[in-house]
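1. Quick one: sequence and predicted model below, then my questions.
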Amino acid sequence: MRFPLAMLFLPLLAAGGAPLTPPTPRSGTEKVEISLVLIDVIVRDRKETPIRGLTRDDFEMVVDAKPVDASAIEVFEEVCVPPEDQPEQPPLEDAGSTTAEAPAPPAQEPALLHMVVYLDFSQLSMAAHRKSILAARDHLAANMGPSDRTMILAYMKGLRLVQDFTGDRNLLVSRLDAMLDDRATLDTDAIEEAQNMVDVAQNLPRKNAALAYATQEGFRVRGSLNALASVMPRLAGLRGRKALVLFTDLLRDDPGAQYLTMLNTTPGSEGMVDVLPDILRVTREANAAGVSIYTVHAAGLDEHPVRQLVSGYKTSPFVSADTLEATTDPLLIGEQVVNGAGVALTSALALQGALALETGGRSLQRTNDIAGILRSARQDLSCYYLLGYGHAGPGDDSQHSIVLRLKDSPDRPRGLTVRYRPSFTDRSDASRRDSMLRSALQVPELFQALPVALEAYALAPQESSRGVLIKTVVPLSRLSLIPAGDAHQGRVEIRGTIAKENETACLFKQDIAIRSRNEDHLVYQTGCVLPAGLYTLTVAVLDRGGSQAGARRVPLRLEPMGAPGEAHLGEVHLWARDSAALVVTSGAEDIGIPKRAGSGDFTLRAERRLAADQPGVFSFLFCPASDALGTVATARPIAIQMRVLSGDQVVSDDEVRITGPSEMHGSTCHEIRRNLPASSLPVGHYTLDIAARGTGSSIARRADFAVE
């Protein structure tokens, strides 16, 4: 949490804490703010029993190798759920142990225990795939208490929200049951790894095959880590400690090492994908969001599939680099492949340990009780200490080390362990907002706190492309607006992407200062020019006042404007004056819509419906025929007839004549408009009947609409 210095004192004093000493600016012009750094701390004895009743004076804290005085720890809280909220289960490592001290009285508002079950199917072997789902299923079925809230996420070529946070164990179990036999969760690249290693040993050219497999794995690992990091900002706003339990056995810190070991080289020597920056991003985002990562080697103690594959082979002495040729000799294959499998396992365990250590979580590695990691995570969520102190800094995204230890005391048992995140980042407000928006664009399903409606309309063609109007709607009542005279003001950031086959085709962003009086919702309109095709449109909206984000993703299909050279009537759009909307339009000049902002502007409607007292405008395109060179014939006028029908009865009849070239920039098409004044039609259902005459062929289109 970041506050201007002057805003921080009042809340802290009201809470009864000692005031912070104002920091000394590092330079005459540098802006120094105070961040309240929150650290959740796990204290356990040798039997993993929580140690209760500690105070802030029991801890020593060092930041950047400098001691922090206990009085500077402005927040200190023991967070433990009441006994009645605990499921009946033994502790993780000793079924007969009990807590050493009497439990604290139940809190008036017990903290919720937020756990994320994260199944990375792109990094699970066949054996680990089923084990992971069953372990999560059985744990949730037997161990959820009233305070538990669990989310299920699955990753394979994209992150999917299987189930948002819920305390409904039956719903969670049903979601996991459905995944057991879902073959779409099986990643062939992962489950064929063993055979790939044998292929490298058997086939020429060996190096080409090894490099290809290593490169493929590197990009797969990078995708997994990027998805994992994108989850963290969504969890940042949840109160208290959060645990993310990661099931994987193939995710490695040195991807492809198993293949290149067989050639007596390494990924680094061959210039393979370096995932260290991606690992660091995961841990930074997790620490910023207060998320501890719990990892388990999901294959358990089962033999690696490579060892199973070559289990019938006898091993030979180590093969030197001079003899590393393609071979069908099982002695050589067995030795080379098993050596590679050992390197792969070491790399996977190293990454699992690093993610847990750097975020204050825990890693269970070589065990067949892989559900133990879930019990461990829940136990840590159930009882921990929350420490917070004021860090004075400029918000420059620099990283700072933390060391926490217990002071010596003869009254405490020996051999206690203290787990916490070992660093924090002095993040700027801009960095936090950027992280939130990037994650919302990547995984919009996770960001639903702020309702976002999203629409897109194909407008005029421009040579081989179409103009696309993008409309984003956000209810103003859900934004953090503050009074300002006769209005309310606030600020939102909007970002969007249009992608085709994972390639970005269009980007847009806008920072909007809101000054609202009587409006009900914000409408943001922008535009892109795109070739015909199938796209994915994603928009994220961040309320800067409340730090809430909302996001939406929709498919976008752009059809070509008819056969080349033929006359064509485009889709009929209805524009309506929205008196309850604050409308902001920018970045749409290329599709013919000027930049503007104001209340009660005309906007496109997803459905052709109008209120009786609401003025509207119908618009559509007419594209005349052209010859093989694209030249449009204009020797005779073309008449566009527009009739409004109520059933078979003609209510009104209008005609537009086209006698010259198009006035639309970059297009030979003409935009035709037909006004519909307010209160000009009674309530009912109507049809706009359109016909073009003088084109050499019959061209017509009908569009139904309603007045309500």
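-> Everything's here; your move.

2. per-domain residue ranges of the chain.
-> Per automatic domain parsing, the structural domains of the chain span 1-36, 41-110+396-426, 114-379, 432-707.

3. Which of the ones you listed has the highest mean neighbour count?
-> Counting by mean count of other C-beta atoms under 10 Å, domain 114-379 has the highest mean neighbour count of these, with a mean of 20. The way it works is simple: take the backbone N, C-alpha and C, and place the C-beta from them, glycine included.

4. still on that earlier bit, which among the domains of the chain is found nearest to residue 386?
-> In terms of C-beta to C-beta, the element of the domains of the chain nearest to residue 386 is domain 41-110+396-426, at 4.4 Å.

5. Can you flag the weakest of the domains of the chain by average pLDDT?
-> Mean pLDDT is lowest for domain 1-36 among these, at a mean of 39.

6. closest one to residue 385 among the domains of the chain?
-> Going by C-beta to C-beta, the one of the domains of the chain nearest residue 385 is domain 41-110+396-426, 4.4 Å.

7. Let's see the distance spanning the closest one from one end to the other.
-> Terminal residues of domain 41-110+396-426 are spaced 20 Å apart (C-alpha to C-alpha, to the nearest Å).

8. hmm, back to that, could you export the domains of the chain as a markdown table, including distance to residue 390?
-> Listed next are the domains of the chain as a markdown table, based on distance: least, C-beta to C-beta, whole Å:
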| stretch | distance to residue 390 |
| --- | --- |
| domain 1-36 | 4 |
| domain 41-110+396-426 | 6 |
| domain 114-379 | 17 |
| domain 432-707 | 18 |
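
9. And these: which comes nearest residue 387?
-> Ranking the domains of the chain by proximity to residue 387 (C-beta to C-beta) places domain 41-110+396-426 first, at 5.6 Å.

10. hey, where'd the strands end up in the stretch 451-600 of the chain?
-> Here the stretch 451-600 of the chain has its strands, by DSSP state E, counting those that start in this stretch, at 453-462, 465-475, 482-484, 487-500, 503-516, 521-531, 533-543, 548-558, 568-569, 573-577, 581-585, 596-599.

11. actually the stretch 101-250 of the chain, sorry about that
-> Counting by DSSP E, counting those that start in this stretch, the strands of the stretch 101-250 of the chain are 113-120, 148-155, 159-166, 242-248.

12. Quick one: closest of the ones you listed to residue 464.
-> Of the strands of the stretch 101-250 of the chain, nearest to residue 464 by C-beta to C-beta is strand 159-166, at 33.9 Å.

13. Let me have the strands of the stretch 101-250 of the chain in a markdown table, extended by distance to residue 236.
-> Output for the strands of the stretch 101-250 of the chain, formatted as a markdown table (distance: least, C-beta to C-beta, whole Å):
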| stretch | distance to residue 236 |
| --- | --- |
| strand 113-120 | 11 |
| strand 148-155 | 14 |
| strand 159-166 | 14 |
| strand 242-248 | 9 |
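
14. Any idea which of those strands gets closest to residue 59?
-> Closest to residue 59 of the strands of the stretch 101-250 of the chain is strand 242-248 (C-beta to C-beta; 21.7 Å).

15. pull the CA atoms of the closest one into PDB?
-> The C-alpha trace of strand 242-248 is given here as PDB (Å, rounded to 0.1, in the frame of the first residue of the first chain):
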ATOM      1  CA  LYS A 242      -2.900 -16.100   0.400                       C
ATOM      2  CA  ALA A 243      -1.500 -19.500  -0.700                       C
ATOM      3  CA  LEU A 244      -1.000 -20.700  -4.200                       C
ATOM      4  CA  VAL A 245      -0.400 -24.400  -4.500                       C
ATOM      5  CA  LEU A 246       1.400 -25.300  -7.700                       C
ATOM      6  CA  PHE A 247       1.200 -28.800  -9.100                       C
ATOM      7  CA  THR A 248       4.000 -29.500 -11.600                       C
END
